[in-house]
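**Student:** Coordinates only, no sequence provided:
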C-alpha cells in the first residue's frame, strides 16, 4: 500500500538523499524526479533550462526574499507579461510541473520545495535526510574530484543555497523538522536502512489511514 504515496525528499548535500530517493523509487516501482523537473519546466515554458535556479539563489537576491509565489497563487507569468524569466516565475513553472507529476500518480520527488508545493495533498510523505558534517564530507569526496578544502566549501554553499531557496518560497526554515513527516540521519541508518525506515513508515501510515 506504500506505493500509493508521493514521497518528497529534502536533503543536505552529501547526506545521500538523492541516492536514497532513487533506491526508494526502485524498491516501490515508481518514478523518481530530480532534475527532470527542470527539463519539463523548460519544455513547458520555452525558457532555457540554464536559466532555472536549480535551488541556487544569486548572492544579490539573498536579501530580497519576496512572496510573489503566494500572492499569485502559484500561477506562472506568461511570455507576454513582464518578468517572464525572473526567479519567482521560474519557480512557479517548476511548481506547476510538480503538481502535474503528483496528479499522474505515486512518485519520489527530490528537492525543489516539493513538500511545500504539495502541502494541501493528503497522500504526500515529506522526508528530510541529514547527516553529520564528517559523513557528508566523506560522501561528497566520493563524487567530487576536488581538494577536501574545496569540497567543504561546496557543501556549505550548497546547503546555504538550499536553505535560502526554501525560506524564500515557503517562508519556513529548511532544517525545521516540523516541516516534515520524517527526519532521518543517514549516517546512523545507512542508505539501505534509511530506505527501509521510509518504506516501513509508509506501510504503517497506510494501515493507520485505512483503520
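**Tutor:** Received it, and whenever you're ready, just let me know what you need. Since we're looking at a predicted model, the values are computed, not measured. Residues are numbered from 1 along each chain as shown.

**Student:** all contacts plus neighbour counts: C-alpha atoms, from now on.
**Tutor:** Noted.

**Student:** which residues of this protein fall in helices?
**Tutor:** Listed in chain order, the helices of the chain (DSSP state H) span 17-28, 36-45, 68-71, 87-104, 114-117, 133-141, 148-170, 186-210.

**Student:** What lies in contact with the fifth one?
**Tutor:** Same thing as helix 114-117. By C-alpha atoms under 8 Å, 6 or more residues apart in numbering, the list of residues contacting helix 114-117 from outside reads 8-9, 95, 98-99, 124, 126, 170, 180.

**Student:** again, only using 10 Å
**Tutor:** 6-10, 74, 92, 94-96, 98-99, 102, 108-109, 121, 124-128, 166, 169-172, 179-181 (C-alpha atoms under 10 Å, 6 or more residues apart in numbering).

**Student:** how about stretch 178-191: buried residues?
**Tutor:** Residues 179-180, 182-187, 191 are the ones in stretch 178-191 that count as buried (16 or more other C-alpha atoms under 10 Å).

**Student:** no, scratch that, I was asking about stretch 199-211
**Tutor:** 199, 201-203, 206.

**Student:** Check the spatially most central residue of the chain and give its pLDDT.
**Tutor:** Closest to where the C-alpha atoms of the chain average out (C-alpha atoms, centre = their mean) is residue 111, at 0.9 Å. Note on residue 111: pLDDT of 93.

**Student:** Lowest average pLDDT across the helices of the chain?
**Tutor:** helix 68-71 - the lowest mean pLDDT of the helices of the chain, at a mean of 39.

**Student:** related to what we said a few turns ago, which one among the buried residues of stretch 178-191 gets closest to residue 162?
**Tutor:** Nearest to residue 162, judged by C-alpha to C-alpha, of the buried residues of stretch 178-191 is residue 179 at 14.6 Å.

**Student:** So that closest one sits against residue 167, correct?
**Tutor:** No. Residue 179 is beyond contact range of residue 167, at 11.7 Å (criterion: C-alpha atoms under 10 Å).

**Student:** got any residues that touch both of these two?
**Tutor:** Common contacts of residue 179 and residue 167 (C-alpha under 10 Å, 6+ apart): residue 173.

**Student:** before we move on, back to that, and the buried residues of stretch 178-191 as a markdown table, adding distance to residue 141?
**Tutor:** Formatted as a markdown table, the buried residues of stretch 178-191 follow (distance: C-alpha to C-alpha, whole Å):
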| residue | distance to residue 141 |
| --- | --- |
| 179 | 29 |
| 180 | 28 |
| 182 | 26 |
| 183 | 24 |
| 184 | 21 |
| 185 | 19 |
| 186 | 16 |
| 187 | 15 |
| 191 | 17 |
